[in-house]
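Student: what shape does this take:
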Amino acid sequence: MTPEQIEQLFTRTDGSYAFARWGRPIVPVVFGVEDETLKVVKGAVEAVATLAGAQMDELDGELGANLMFFFSRDWDELLDVPDLGRLIPDLEPLVGRLKAANASQYRAFRFDNDHAIQAAFVFLRMTGEMADIPAETLALSQAVQVIVMWGDQAFAETSPLAVLPETGATILRPEIAGVIAAGYDRMMPAVASDKSHALRLFARLQGAT
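Tutor: A predicted model of the protein is given here:
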């Protein structure tokens, strides 16, 4: 990838550059799925965390779990989740906006005092095309999109995943895997708002080849 392509991955619609990685061990929990799907989602999170070199744990001292996946058939179901309104400010207006936009997914982040990722919330409405996506593909895609904070349009045109023609298996695109690993390099900052950060990521990718 070129430095410009990497920069675009973390550029927001207002033109600002914003990168953040997790500042604490990741503790996932999944709501609204059968046990088999739960294992798939947690397995995908573990695989991406291992790639990144991010830590995982069984318990977050503050929230219990800090990476929460909510699967539903209808956005209104979120309003019935106990205490979710305490975690997601203005939950009712948010549900209204998601319904109005006919959205199929939404992600929200919370940040610590250093602006590293403290918690992430993934909401998925499993109807239409979303319901037809294999669980492994959906889980891997969502895990990738919460391992760091990407730009708003990072994967609007190109998925972070690819299908191996030989086997049909879905994998994380190698260049995206490289960017994630570079972002978690212990010499790199957990948070960055200057575009020069993309050049540092590029340099690490070159060093890894």
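
Student: which secondary structure elements does the lengthiest strand in the chain sit against?
Tutor: Taking DSSP state E as the criterion, the chain has its longest strand at strand 117-125. Applying 3 or more Cβ pairs under 8 Å, 6 or more residues apart in numbering; DSSP states H and E, we find strand 117-125 packed against strand 67-72, strand 105-111, helix 135-147. From N, CA and C alone the C-beta is placed, and that goes for glycine too.

Student: go again using 6 Å as the cut-off
Tutor: Helices and strands touching strand 117-125, by 3 or more Cβ pairs under 6 Å, 6 or more residues apart in numbering; DSSP states H and E, are strand 67-72, strand 105-111.

Student: what's the most buried one of those strands?
Tutor: Ranked by mean neighbour count, these are led by strand 67-72 with a mean of 22 (mean count of other Cβ atoms under 10 Å).

Student: strands paired with that strand, and their directions?
Tutor: Partner strands and pairing direction for strand 67-72 (DSSP bridges) are strand 28-31 (parallel), strand 117-125 (parallel).

Student: which residue ranges form the strands in the chain?
Tutor: Secondary structure of the chain (DSSP E): strands at 19-20, 28-31, 67-72, 105-111, 117-125, 161-163, 170-172, 191-192.

Student: one step back: now the strands paired with strand 67-72 as TSV including mean neighbour count and distance to Leu172?
Tutor: Listed next are those as TSV, based on neighbours: other Cβ atoms under 10 Å; distance: least, Cβ to Cβ, whole Å:
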stretch	mean neighbour count	distance to Leu172
strand 28-31	19	17
strand 117-125	21	17
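
Student: turn those strands into CSV, including distance to Gly207.
Tutor: Compiled in CSV, the strands paired with strand 67-72 are given as follows (distance: least, Cβ to Cβ, whole Å):
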stretch, distance to Gly207
strand 28-31, 31
strand 117-125, 25
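
Student: how close does the closest residue to Val122 other than its chain neighbours sit to Lys39?
Tutor: For Val122, ignoring the flanking residues on the chain, the nearest one in space by Cβ to Cβ, 6 or more residues apart in numbering is Phe69 at 4.7 Å. Applying Cβ to Cβ, to the nearest Å, the value for Phe69 to Lys39 is 13 Å.

Student: next, Asp74: phi, psi?
Tutor: The phi/psi pair for Asp74 (degrees, to the nearest 10) reads phi -140, psi 140.

Student: can you pull the pLDDT of the nearest residue to it once chain neighbours are set aside?
Tutor: Spatially, and ignoring its direct neighbours in sequence, Asp74 is nearest to Arg125 (7.0 Å; Cβ to Cβ, 6+ apart). For Arg125, the pLDDT comes out at 96.
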